[in-house]
Structures are given as structure tokens and as C-alpha cells.
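S.K.: sequence and computational prediction follow.
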Number of protein chains: 2
Amino acid sequence: MGETDFISGFAKGLSVIEAFDAVNSRLSITDIARMTGLERATARRCLLTLTQLGYASYDGKFFTLTPRILRLGHSYLSSTPLPRLMQPFLDQLSEKTGESASASVLDGNEIVYIARASHKRVMSINLNPGSRLPAYCSSMGRVLLAAMSDDDAQRILEGSNRLANTPRTKTTVSDLMNEVRTVRVQGYAVIDQELEIGLCSIAIPVRNTRGMTIAAINIGAQAPRVTIEDMVQNYLPVMQSTRDTIGAVLV
Amino acid sequence: MGETDFISGFAKGLSVIEAFDAVNSRLSITDIARMTGLERATARRCLLTLTQLGYASYDGKFFTLTPRILRLGHSYLSSTPLPRLMQPFLDQLSEKTGESASASVLDGNEIVYIARASHKRVMSINLNPGSRLPAYCSSMGRVLLAAMSDDDAQRILEGSNRLANTPRTKTTVSDLMNEVRTVRVQGYAVIDQELEIGLCSIAIPVRNTRGMTIAAINIGAQAPRVTIEDMVQNYLPVMQSTRDTIGAVLV
């Protein structure tokens, strides 16, 4: 790809959108310039372009994103068959187990939720399609890492900000690589309160008909009520059966 | 705003992202050029930029969006206090009524879901934050139209593609404006299978402490099981009480 095939104004604009998050919901031109590393004049032009197109609003000092931004993320969710294909299976899984069921894919060192069925929240944060969690400490993340070569998985773990969310969180690359290898052999991953206290989950890979892992599905439950052993005994067979049904239709 | 304050490459790139949807999930350069009205060379540069940044993938002929695109929509959901603030109230509402509860805002002539609590699907399509429905035939849409001046509401209705989704769907601007005025007076909107057969819903506005309508919340249910009269009698009081609690914390 040649130099001229890249539209730097587009790339810069996308970095401006990504700068907004829960902590930084109202941003000035100066804030954006600092966060993105763009020059002030460029940050200003990106923000004014977003405002003119209706993706942002401006009160004279601060910019905030508008719901129109959701059209962009929705383009992926609606254009990709995977989330739509997964949803009814996750609904069934949640119905059968009485717990929340989710599907995710890897993006860098994070998992991204692409579909979810839940009628109660098991985590302190609310998860929706588009929500992200670090791969190293989530059951679906470990399943997706286990689907890679050791080298690739290790590179992602080394590049992750491996915080000890709880006293149980595995944070060293060697502990995590051992875990990834175990997951690869046993075919599922369990997380016992490594992401947050009170939350445990079990995940398995979903493979297409060519044997490639293309997503992970999991079930999350509240830890004092459900143990890891319960999950493996009661939920794993249901999940495997669901997974096989999904996998049979994935080319 | 001056001519030079607008980054046209950014604007064009965003239109390329929005071109992808359920029907158009794999697009060639020619497809994108046709759909966006961009020149072929520009469409190509936008697509290659997206690919280089990891927002799209390219198999040599077709482009598809990647999960990284979800970061953009997620910027809005995580940066806006409203969805996070609404979620626990919708969870409660869904728990109390045993039905799905949602919140949305208006974007053009569509409503955009910003939060939702549901453990079963009542519609043929699955709704998630970011999902869109036409305003003219949805209960939340009518509530949001009723919060505007007649002129503004009428302009949106005139600009809407008012399909008769079912034999019950109101499609003329005059019928819809009558409905909007009724909603404004009675303080809630009900939809009886105008969006799809088998679905009814009731919606009310959520106002901030200054009295401005900033969102709508609704409850959707299956039509043969729950009637409009049931909804008004059983769900409306619970919704109003929830709404007053939300409104009290919205500045």
C-alpha cells in the first residue's frame, strides 16, 4: 500500500472518536490534542468535522459525542453474520442455565462482546455488544489466547496491562501461559474471581467447519452461589452441545 | 466554521463505515463508490485506510468490518452518562414486570436504543444498544416526537419512510400528528402491533430536572399475552415511578 493510499485525516479523526470514554466524556480541543498526540489545529478540525456531521456536539468549550456515533459501531454488528447467528443460541443457553451467556472475539489484547443474553447482571459493570474486557483475566480471553500459537499468545500477554483486579488474579506471563496451555488441552477455561470478586465464568471456543476458532462463548455466574465445579459439571455439557450446533453452520 | 475547519477525508471515511450493514456486509471498492457517491479512487483510499488501521479486513476483492469498529460506537456508550445511569433502573423495571425494558433517544427520524434490560426477545429482531427503529411507528419514537414542537415533529414525519409494517400501522402524517398530540396530552404512547404483529409496547418520556425530555423508556410485550389495557393499568404506574427516580438525578 502506497503512501497516497492512506488518508491521514481519516485516521486522525478516528483516533479522536476513540479518545472519548467513561472518564473522558467531555473534552476540550486541548484535552483531545494531549490525549491523541495530534496538533491542536488538527484536533480542532477533527472535532469541528464531527460536530458538523452530527457525531458530536459542542457547547463552546467542551465536545461530547452524540448517539449518531452508535451508527458506526452498529455497522459492524449489523454487517457481521456472527453476532446475529450467535444470539438465538445464547438466548437458549441463558434460558437453560438461568445465567448470562455471551460471545466474544479478540481485538488486540482485549475481548469484545459481540452478543449477550442475560436477565441479570453478574458483574459490577454492565456488558453489552461492544463492551471490552482484558483477555488475560477473562475466561473467553483465555480460550481465544489458547487458540493461538504460544508465541502469539505470549506476545499479547506481554503487551497487556496485567493488573491484579483481585487477590486471585494471575498476572505473570509464565503463570498465564501455563493457564493458556491447560485451557488448550482441556478445551475450556474457568475464571474464579480473577476479574472481580464474586464472579466466576466458564468459556469454550466456537470453531467453524474448518476447525478455526472464530469466537468464544461463556457463562458467567455469581461465585458464592455457583462453584467452578458446578459450572464444569452442569454448564459445560450444555455449552458444548450449543457450540456444536453453532459450529455446524459456520463455514 | 470555515472551509478549512472541515476534514473532508474524515467525513468521507465515516460515510464508508456507515455503508456497511446487514445486507451489505462484504463490499468491493465499486460497491462502496456506488453506495456513498464517492469517486472510486477515494473509496479505495478510505477502505485501505480502514484496513491498515485494523477497522476492516480485505480478502483481495471484498472488504468486511472488524470488531475494532465497535470501539467507535462504544466511545459514545461509555462516554455518555445516560446509558449507564439508566441501566440499573431498566433492570429493575424488567425484573418487576417480567418484560423487556428499554431506553432510547432520537437521531434523525429514528430512535436509537441506548440501554436495554431483557431476558427474552419480543421482536423478530434482537435489540441492543445502538439498534435503531423508525420513530413514527415505535412507542418511544412517538414520545420523543411529542416532546418537540408540532413543526419539528411534522418535519421528521414527512421525512420518514412511513411503511405499513402491519395492517395496523399508521402511515399518514395527519394520523401520526394526531397521535403525537394525544401522546403529548396523556403523557404516554402505546403501540399495538404497528411495528410488527404480536408486539405491543408502552413508552413515557424521561425529563431532566429542568423539564427537558432527554430520553424515552418503554416496556415491550407479546400482544396476545398482554393487552394495551393491561400495559396502561399494570406497567404505566411502575414506569412512572421509575422515571421520577431517574429524572430526579438528571440535571
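M.R.: Arrived safely. Numbers count the residues shown, from 1 in each chain, chains lettered A, B, ... in the order given.
S.K.: give me the residue from the stretch 1-150 of chain A nearest chain B.
M.R.: Per CB to the nearest CB, the residue of the stretch 1-150 of chain A with the smallest distance to chain B is A:G73, at 1.8 Å. Where C-beta positions appear, they are placed from N, C-alpha and C, glycine not excepted.
S.K.: residues near that residue, how many?
M.R.: 25 (other CB atoms under 10 Å in any protein chain shown).
S.K.: contacting residues for it?
M.R.: A:130, B:69-74, B:76, B:130 (CB atoms under 8 Å, 6 or more residues apart in numbering or on different chains).
S.K.: name the element it belongs to?
M.R.: Here A:G73 sits within helix A:70-79, counting by DSSP states H and E.
S.K.: what's the burial count for the closest residue to A:M148 other than its chain neighbours?
M.R.: Leaving aside its chain neighbours, A:M148 sits nearest to A:I156 (7.6 Å; criterion: CB to CB, 6 or more residues apart in numbering or on different chains). Using other CB under 10 Å, A:I156 has 22 neighbouring residues.
S.K.: need the contact list for A:I156.
M.R.: A:108-109, A:135-136, A:145, A:148 are the contacts of A:I156 under CB under 8 Å, 6+ apart.
S.K.: among the residues you listed, name the buried ones.
M.R.: Burial by neighbour count, 16 or more other CB atoms under 10 Å in any protein chain shown: within the contacts of A:I156 this picks out A:109, A:135-136, A:145, A:148.
S.K.: kindly calculate the angle that the helix holding A:G73 makes with helix B:70-79.
M.R.: For helix A:70-79 against helix B:70-79, the angle by axes from the mean of the first three to the mean of the last three CA atoms, to 10 degrees is 130 degrees.
S.K.: measure A:A216 to chain B for me?
M.R.: A:A216 is 12 Å from chain B, where distance means CB to the nearest CB, to the nearest Å.
S.K.: same check, this time on A:Y188
M.R.: Counting by CB to the nearest CB - A:Y188 and chain B are separated by 22 Å.
S.K.: please name the bridge partners of the nearest residue to that residue once chain neighbours are set aside.
M.R.: Leaving aside its chain neighbours, A:Y188 sits nearest to A:I204 (4.7 Å; criterion: CB to CB, 6+ apart). Per DSSP bridges, the residues bridged to A:I204 are A:I217.
S.K.: thought A:R68 was touching B:E110?
M.R.: No - taking contacts as CB atoms under 8 Å, A:R68 lies outside contact range of B:E110: 10.1 Å.
S.K.: longest helix in chain A, by residue count?
M.R.: Scanning chain A for the longest helix, with DSSP state H as the assignment, gives helix A:81-97.
S.K.: is A:V143 in contact with A:A189, as I believe?
M.R.: Yes - if you go by CB under 8 Å, A:V143 and A:A189 touch, sitting 4.8 Å apart.
S.K.: the more surrounded of the two?
M.R.: Taking other CB under 10 Å, A:V143 and A:A189 do not tie; A:V143 has more neighbours (29 against 26).
S.K.: checking that one next. Helix, strand or coil?
M.R.: The three-state assignment at A:V143 reads helix, by DSSP: H, G, I helix; E, B strand; the rest coil.
S.K.: what sits against it?
M.R.: A:183, A:188-189, A:203-205, A:213, A:216, A:218.
S.K.: what about 6 Å?
M.R.: A:V143 makes contacts with A:189, A:203, A:205, A:216, as judged by CB atoms under 6 Å, 6 or more residues apart in numbering or on different chains.
S.K.: A:R142 now?
M.R.: A:183, A:189.
S.K.: model confidence score at it, please.
M.R.: Here, the pLDDT recorded for A:R142 equals 98.
S.K.: please name the nearest non-neighbouring residue to the residue of the stretch 1-150 of chain A closest to chain B.
M.R.: B:G73 (1.8 Å).
S.K.: how about A:E110?
M.R.: A:R132 (4.5 Å).
S.K.: that neighbour pairs with what?
M.R.: Applying DSSP bridges, one finds that A:R132 bridges with A:V112.
S.K.: mind checking how far it is from B:L85?
M.R.: Here the criterion is CB to CB, to the nearest Å. By it, A:R132 lies 20 Å from B:L85.
S.K.: okay, the angle between the helix holding A:G73 and helix A:81-97?
M.R.: Going by the same axes, to 10 degrees, helix A:70-79 makes 80 degrees with helix A:81-97.
S.K.: doesn't A:L127 belong to a strand?
M.R.: No - according to three-state DSSP, A:L127 belongs to no strand; its state is coil.
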